[in-house]
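*Asks:* Below is the sequence, then the predicted model.
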Amino acid sequence: MSRTFVISSERSIGELAAGDPRAAALLFAKGFDPARQGRVKLADACVAAALDPVDLVHEMEAVTAAPRPLGDDMRDWPLDRLVNHIVRQHHTYVRERIPILVNFLERLSDRHGREHPELYAMAILFRSVSTDLLTHLDTEEQVLFPYIKELALAARNQSAVLPGPFGTVRQPILELLCDHERESERLNRITELTCDYALPTDADSTYVGTFQLLKEFGEDLQWHVHLEANILFPRAVEMERPAAPWQALDDTIDELR
């Protein structure tokens, strides 16, 4: 199924990012976070960021003007295919990079911490990120993702699926969204401590390599979280509650409050 990608300042950041990866890349480059600002209208987000929404819409129209390859729209992928992509592309990357970055940050702190004490704070923050993020991945792969695959299989076979051990898919999704928020805040704090990964004058090769890897790690996590928050999770909720998937999540948040 081919969808028309409608660009408007009245559409939400999440809808625009989900509609085309080129639009998502532009939003990231402009400093927006489609996962955390998923339901914020582009016009409102532009006001907060002191950007002209008309200009941004024109830029988005320009970068998305070329046709996309057939089958490139992840909104139309079977959910089990999307789950497999997230695990292979992003979960594997996180697990490979975390031990490298933990080691690099420790070496960097030992070598330059006296002159740059913010490195100690960065190392502590990233250790917290690594511990909680690995637990988060395990929860997705062992609890939520198998159930989402069951939902996808049931939809294809037009059969019923037994309720998950968590009652409704909304419950683990809400908890995972809270995890996303916490890890994004920690990585944003690391970005602030580095002044957006600006290298000091005494930076050596370890400094350069660590900052480059940290920046790449944050960018990959943004894409990872965006795919889940704006495409995978709403579609999984919709399979349980066909109307207004995001409203279903909002209802759950209200219930917990």
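*Replies:* Alright, I've got the coordinates. Numbering: from 1, shown residues only.
*Asks:* going forward, measure contacts and count neighbours with C-alpha atoms only.
*Replies:* Fine.
*Asks:* mind checking how far Asp55 is from Ala62?
*Replies:* Note on Asp55: its distance to Ala62, by CA to CA, to the nearest Å, is 11 Å.
*Asks:* Geometric centre of this structure: which residue is closest?
*Replies:* Taking CA atoms, centre = their mean, the centroid of the chain lies closest to Val225, which sits 1.6 Å from it.
*Asks:* Can you tell me the closest non-neighbouring residue to that one?
*Replies:* Excluding the flanking residues, the one nearest Val225 by CA to CA, 6 or more residues apart in numbering is Ala35, at 6.1 Å.
*Asks:* That neighbour: what's it in contact with?
*Replies:* 14, 222, 225-226, 229-230 (CA atoms under 8 Å, 6 or more residues apart in numbering).
*Asks:* Now the two most distant members of those residues.
*Replies:* Spanning the widest gap among the contacts of Ala35 are Gly14 and Gln222, at 12.3 Å by CA to CA.
*Asks:* hmm, back to that, a markdown table for the contacts of Ala35, including pLDDT?
*Replies:* Below are the contacts of Ala35 laid out as a markdown table (pLDDT from 0 to 100):
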| residue | pLDDT |
| --- | --- |
| Gly14 | 91 |
| Gln222 | 91 |
| Val225 | 94 |
| His226 | 93 |
| Ala229 | 93 |
| Asn230 | 93 |
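*Asks:* Out of these, which end up buried?
*Replies:* 14, 222, 225-226, 229-230 (16 or more other CA atoms under 10 Å).
*Asks:* Contacts for stretch 122-131, please.
*Replies:* With CA under 8 Å, 6+ apart, stretch 122-131 has contacts from 98, 102, 105-106, 109, 183, 186-187, 190, 193.
*Asks:* Buried among those? Need that as a selection in PyMOL.
*Replies:* To isolate the buried members of the contacts of stretch 122-131 in PyMOL, using 16+ other CA under 10 Å:
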select buried, resi 98+102+105+106+109+183+186+187+190
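*Asks:* Can I get the contacts of stretch 122-131 in TSV including secondary structure and pLDDT?
*Replies:* Formatted as TSV, the contacts of stretch 122-131 follow (DSSP: H, G, I helix; E, B strand; the rest coil; pLDDT from 0 to 100):
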residue	secondary structure	pLDDT
Ile98	helix	97
Val102	helix	96
Leu105	helix	96
Glu106	helix	95
Ser109	helix	95
Glu183	helix	91
Arg186	helix	93
Leu187	helix	92
Ile190	helix	94
Leu193	helix	95
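*Asks:* now, among the contacts of stretch 122-131, which is nearest to Glu118?
*Replies:* For the contacts of stretch 122-131, the nearest to Glu118 is Leu193 (6.4 Å; CA to CA).
*Asks:* Outline the domain layout of the chain.
*Replies:* By the assignment in automatic domain parsing, the chain contains the domains 1-73, 77-256.
*Asks:* so what's the residue nearest to Ala24 when sequence neighbours are not counted scoring on pLDDT?
*Replies:* In space, and not counting its chain neighbours, Ala24 is closest to Ala17: 4.0 Å by CA to CA, 6+ apart. Per-residue confidence (pLDDT) for Ala17: 92.
*Asks:* ok, now how distant is Ala17 from Phe166?
*Replies:* For Ala17 relative to Phe166 (CA to CA), the value is 29 Å.
*Asks:* what does Gln158 give?
*Replies:* 22 Å.
*Asks:* And for His91?
*Replies:* His91 is 23 Å from Phe166, by CA to CA.
*Asks:* higher neighbour count, those two?
*Replies:* Comparing His91 with Phe166 by neighbour count (other CA atoms under 10 Å), the higher total belongs to His91, at 20 against 11.
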